[in-house]
Every structure is written in C-alpha cells, then in structure tokens.
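Peer 1: test case, fold it:
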Amino acid sequence: MELTLPAELQAKLTTRMAHERGTDPQALAREAIERLVDYDDWFLREVDKGLAEVERGQTLSHEKVGARVEKRRGSSRLADAASLDPTEGPDRNGIIAA
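Peer 2: Down below sits the predicted model:
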C-alpha cells in the first residue's frame, strides 16, 4: 500500500516528529497507523461491551449518573483541599498572597 501525504503533513512528519524521535518518517507513519487501527479495534470492543450491558439491563438512570459524578467531584475536591498548604490559601478577603 502506498500513501500520498499533503506536503504540510509530510514536512511535519519528516522534519519535526521523526527528527525529534530519532527515527525515520516511514517507521513513524507505520507506528501512527498501527496506533490508530489498535485504538479503533479497542473502541469498537468497548462499544460492543456497552451495548451488551444495555441489553442485559445494566444501565444507570440520569440521576444515578449525576450522583456518581458529584461523588467523584466531591472526593477529588476533598483530596485537592487536603493537599493545600493552609498558609497559601486566600485571606479573609479572598486574596491569595503572591
């Protein structure tokens, strides 16, 4: 199989990406195509898994999804807050010292 690439893409591939990675442009293009094909295969498998879950009735209501999202947001906010140095936070007026 042969590919014809637009000049701009070919320039990016040869001058920037291949040079930075220390590889030839053909190997880099093969790697990119392999990754795309592998990703597409993975994505289709995940869609099939999701559709099978729907067929088995393993779904969540809008409300339950919202509750899960809020729970995760809350736990990540708590983790973020726990990692903060209290001396670096805003003062009573909401101003953060530089």
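Peer 1: which stretches of the chain form helices?
Peer 2: With DSSP state H as the criterion, the chain has helices at 7-11, 19-21, 25-55, 62-82.
Peer 1: to residue 1, which of these lies closest?
Peer 2: helix 25-55 (9.6 Å; C-beta to C-beta). Where you see a C-beta, it was placed from the backbone N, CA and C, and this is true even at glycine.
Peer 1: okay, the helices of the chain in a markdown table with mean neighbour count and mean pLDDT next?
Peer 2: Output for the helices of the chain, formatted as a markdown table (neighbours: other C-beta atoms under 10 Å; pLDDT from 0 to 100):
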| stretch | mean neighbour count | mean pLDDT |
| --- | --- | --- |
| helix 7-11 | 10 | 90 |
| helix 19-21 | 11 | 83 |
| helix 25-55 | 11 | 95 |
| helix 62-82 | 10 | 80 |
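Peer 1: can you list those in JSON lines and add distance to residue 1?
Peer 2: As requested, these are exported to JSON lines (distance: least, C-beta to C-beta, whole Å):
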{"stretch": "helix 7-11", "distance to residue 1": "16"}
{"stretch": "helix 19-21", "distance to residue 1": "23"}
{"stretch": "helix 25-55", "distance to residue 1": "10"}
{"stretch": "helix 62-82", "distance to residue 1": "43"}
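Peer 1: any idea how far the residue nearest the centre of the chain is from residue 32?
Peer 2: Geometric centre of the chain, nearest residue: residue 39, 12.4 Å, by C-alpha atoms, centre = their mean. Separation of residue 39 from residue 32 (C-beta to C-beta, to the nearest Å) stands at 11 Å.
Peer 1: how close does residue 12 sit to residue 33?
Peer 2: Taking C-beta to C-beta as the measure, residue 12 falls 15 Å from residue 33.
Peer 1: equivalent analysis for residue 26, please.
Peer 2: In terms of C-beta to C-beta, residue 26 sits 11 Å off from residue 33.
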